[in-house]
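Asker: Attaching a predicted model along with its sequence, questions to come.
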Protein chains: 2
Amino acid sequence: MKTKSRIVVAAIALFNDRGTKAVTTNHIAAEAGISPGNLYYHFRNKTDIIRAIFDEMDKYGVAEYQRISAERGPATADAVAGTFVMLQEFNWRYRFFKREMTSLVTADPVLKKRFIKTHRAMLALVRSALDVSIAQGLLRDIPARERDLLAEEIWLVTLFWPNYLELGGEKVDTGTLERGSEQLRGIMLRYVTQKGLRAFSRPGRAG
Amino acid sequence: MKTKSRIVVAAIALFNDRGTKAVTTNHIAAEAGISPGNLYYHFRNKTDIIRAIFDEMDKYGVAEYQRISAERGPATADAVAGTFVMLQEFNWRYRFFKREMTSLVTADPVLKKRFIKTHRAMLALVRSALDVSIAQGLLRDIPARERDLLAEEIWLVTLFWPNYLELGGEKVDTGTLERGSEQLRGIMLRYVTQKGLRAFSRPGRAG
DNA sequence: GTCTATAAGCGGATAGAC
DNA sequence: GTCTATCCGCTTATAGAC
């Protein structure tokens, strides 16, 4: 693996474990098996590494989403189920970022700009998934304003579920992440039609 | 004001402004108008100050909640409205804590223990408010499991709304906090009865 | 309780050899 | 690209006078 990637991998591992504050560039260099000076050849500073991780997250998320959409067809119940699972895996893989995202984004204007772009895109994605589900008759018709609030609620729960678990002293594992999916299903169920009920309760290829 | 309180007040102001990471004990001492050495007479270190702030938050929150319950009667629509407003003010006053809570709590086991206690109490509070509202016929009957999920959802939104706003690049102000209340109302409305509709849509004394 | 002075240590970052 | 050596600056924390 290239040194630059090794640094990123080492940083993610340490950040997940001890948090960005406790981890120094020296620690990262040691974990990556290189000298501190070498790290500074590849990255300006710690902030720069965090930005690189975010960019990796962004690419990974988009790629996974597109893969799922391509395999299962866009806006199918199957794709929705697969996306849930993917998001949970994603949340776990980059759990330090979820944990600290508000302070990280507040502290770094460059990161903030990139994050907001992704954030808006995700919100739009949820919103359009709702629109499609309604058009297909899987969800009952919902007034526009309520649709906006609903999309926001779904995205908020998705975004903060791991945080919520950690704060409550619950381990982030398969079981508790599954409860997050259950939360989302609970929200959807309030709007689901008979037709939708059959579609959503039928487990997708993701199990 | 006692020096110890002055330190806490100074720390809150600086933390809100620049985050706990960027603020040092020296900064806090300067802001409080005392010497660095003096600060260490009153507190062991920064962590110790953060714990003191959390304890203050805890006391303040409980006191405000009890005041509202006493003035408006427990579990009335009026009290619920007042509690919303109070929570928003609370979130603003200690906004640094909301912003960083996951990392703060992860980093300090003592704080974590105290936080979890409060967290569980709040969840129980929401749950019992739901029970009372259902008993009074303001909300339709909800199966136990769904009731748990609902309480959790309400608490999650309450807890993370300021975070959510900051992450999306929205200013935390009266308008956006009001949208948080609207989110919560949107959630409640899905369960509200005719009787409850009258009670909840009538603005409480809090406006 | 409060101050001044200062020790000790660490993290960030760079220079220059290889 | 990678290393070693090193410096600067800052933060924490303590000692001891008042």
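Answerer: Arrived safely, thanks for sending. Numbering: from 1, shown residues only, chains lettered A, B, ... in the order given.
Asker: Contacts only, for the residue of chain A most remote from its centre.
Answerer: Using CA atoms, centre = their mean, the residue of chain A lying farthest from its centre is residue A:37. It sits 32.8 Å away. Listed by CB atoms under 8 Å, 6 or more residues apart in numbering or on different chains, residue A:37 has no contact partners. For every residue, glycine as well, the C-beta is placed using N, CA and C.
Asker: isn't residue A:34 right next to residue A:7, touching?
Answerer: Yes. With contacts counted by CB atoms under 8 Å, residue A:34 reaches residue A:7, the gap being 7.4 Å.
Asker: Mind checking which of those two has more residues around it?
Answerer: Per other CB atoms under 10 Å in any protein chain shown, whichever of residue A:34 and residue A:7 has more neighbours is residue A:7, with 24 against 17.
Asker: so that one is in which element?
Answerer: Assigned by DSSP states H and E, residue A:7 falls within helix A:3-18.
Asker: and the angle from the helix or strand that that helix is followed by to helix A:3-18?
Answerer: Downstream of helix A:3-18, the first helix or strand assigned by DSSP H and E is helix A:25-32. Angle, helix A:25-32 to helix A:3-18, by axes from the mean of the first three to the mean of the last three CA atoms, to 10 degrees: 110 degrees.
Asker: Distance from the helix or strand hosting residue A:98 to the middle of the chain?
Answerer: If you go by DSSP H and E, residue A:98 is part of helix A:95-107. Relative to the chain's own centre, helix A:95-107 is displaced by 12 Å; criterion: CA atoms, centre = their mean, to the nearest Å.
Asker: now for that helix, which elements pack on it?
Answerer: Packing contacts for helix A:95-107, counted by 3 or more CB pairs under 8 Å, 6 or more residues apart in numbering or on different chains; DSSP states H and E, involve helix A:3-18, helix A:46-72, helix A:109-135, helix A:144-167, helix B:95-107, helix B:144-167.
Asker: so which of these gets nearest DNA strand C?
Answerer: Counting by CB to the nearest atom of the strand, DNA strand C lies closest to helix A:46-72 out of the helices and strands packed on helix A:95-107; the figure is 4.8 Å.
Asker: touching DNA strand C at all, that closest one?
Answerer: Yes. Interface with DNA strand C: helix A:46-72 contributes residue A:46 (CB under 7 Å from any atom of the strand).
Asker: For that helix, give the mean pLDDT please.
Answerer: Taken as a whole, helix A:46-72 carries a mean pLDDT of 96.
Asker: Now that helix: buried residues?
Answerer: A:46, A:49-54, A:57, A:61, A:64-65, A:68, A:72 (16 or more other CB atoms under 10 Å in any protein chain shown).
Asker: Would you map out the domains in chain A?
Answerer: Chain A is divided into the following domains under automatic domain parsing: A:1-44, A:50-201.
Asker: Distance to DNA strand D for those domains - can I get that in a markdown table?
Answerer: Shown next, in a markdown table, are the domains of chain A (distance: least, CB to the nearest atom of the strand, whole Å):
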| stretch | distance to DNA strand D |
| --- | --- |
| domain A:1-44 | 2 |
| domain A:50-201 | 14 |
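Asker: Can you flag the weakest of those by average pLDDT?
Answerer: domain A:50-201 (a mean of 92).
Asker: on that earlier part again, burial-wise, tell me which of the helices and strands packed on helix A:95-107 comes out on top.
Answerer: Mean neighbour counts were compared across those using mean count of other CB atoms under 10 Å in any protein chain shown; the top stretch is helix B:95-107, at a mean of 22.
Asker: Other residues contacting it?
Answerer: So helix B:95-107 is contacted by A:19, A:21-22, A:98-100, A:102-103, A:106, A:163, A:166-167, B:12, B:15-16, B:19-20, B:50, B:53-54, B:57, B:91, B:111-112, B:115, B:159, B:162-163, B:166, B:172 (CB under 8 Å, 6+ apart).
Asker: returning to what we had before: just the CA trace of the helix holding residue A:7, in PDB.
Answerer: C-alpha atoms of helix A:3-18 as PDB (Å, rounded to 0.1, in the frame of the first residue of the first chain):
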ATOM      1  CA  THR A   3       2.500   5.500   2.300                       C
ATOM      2  CA  LYS A   4      -0.200   8.100   2.000                       C
ATOM      3  CA  SER A   5      -2.900   5.400   2.200                       C
ATOM      4  CA  ARG A   6      -1.100   3.800   5.100                       C
ATOM      5  CA  ILE A   7      -1.200   7.100   7.000                       C
ATOM      6  CA  VAL A   8      -4.900   7.400   6.400                       C
ATOM      7  CA  VAL A   9      -5.600   3.900   7.500                       C
ATOM      8  CA  ALA A  10      -3.500   4.300  10.700                       C
ATOM      9  CA  ALA A  11      -5.200   7.600  11.400                       C
ATOM     10  CA  ILE A  12      -8.700   6.100  11.100                       C
ATOM     11  CA  ALA A  13      -7.800   3.300  13.400                       C
ATOM     12  CA  LEU A  14      -6.400   5.500  16.100                       C
ATOM     13  CA  PHE A  15      -9.100   8.100  15.800                       C
ATOM     14  CA  ASN A  16     -11.800   5.500  16.200                       C
ATOM     15  CA  ASP A  17     -10.100   4.200  19.200                       C
ATOM     16  CA  ARG A  18      -9.000   7.300  21.100                       C
END
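Asker: what helices or strands is it leaning on?
Answerer: Going by 3+ CB pairs under 8 Å, 6+ apart, helix A:3-18 lies up against helix A:25-32, helix A:36-42, helix A:46-72, helix A:95-107.
Asker: Buried residues in the first one, which are they?
Answerer: Neighbour-count burial for helix A:25-32 flags A:25, A:28, A:29, A:31, A:32 (criterion: 16+ other CB under 10 Å).
Asker: From the chain's centroid, how far away is that helix?
Answerer: 26 Å.
Asker: likewise the third one?
Answerer: The chain centre lies 9 Å from the centre of helix A:46-72; the measure is CA atoms, centre = their mean.
Asker: Mind checking what helix or strand follows that helix in sequence?
Answerer: helix A:77-93.
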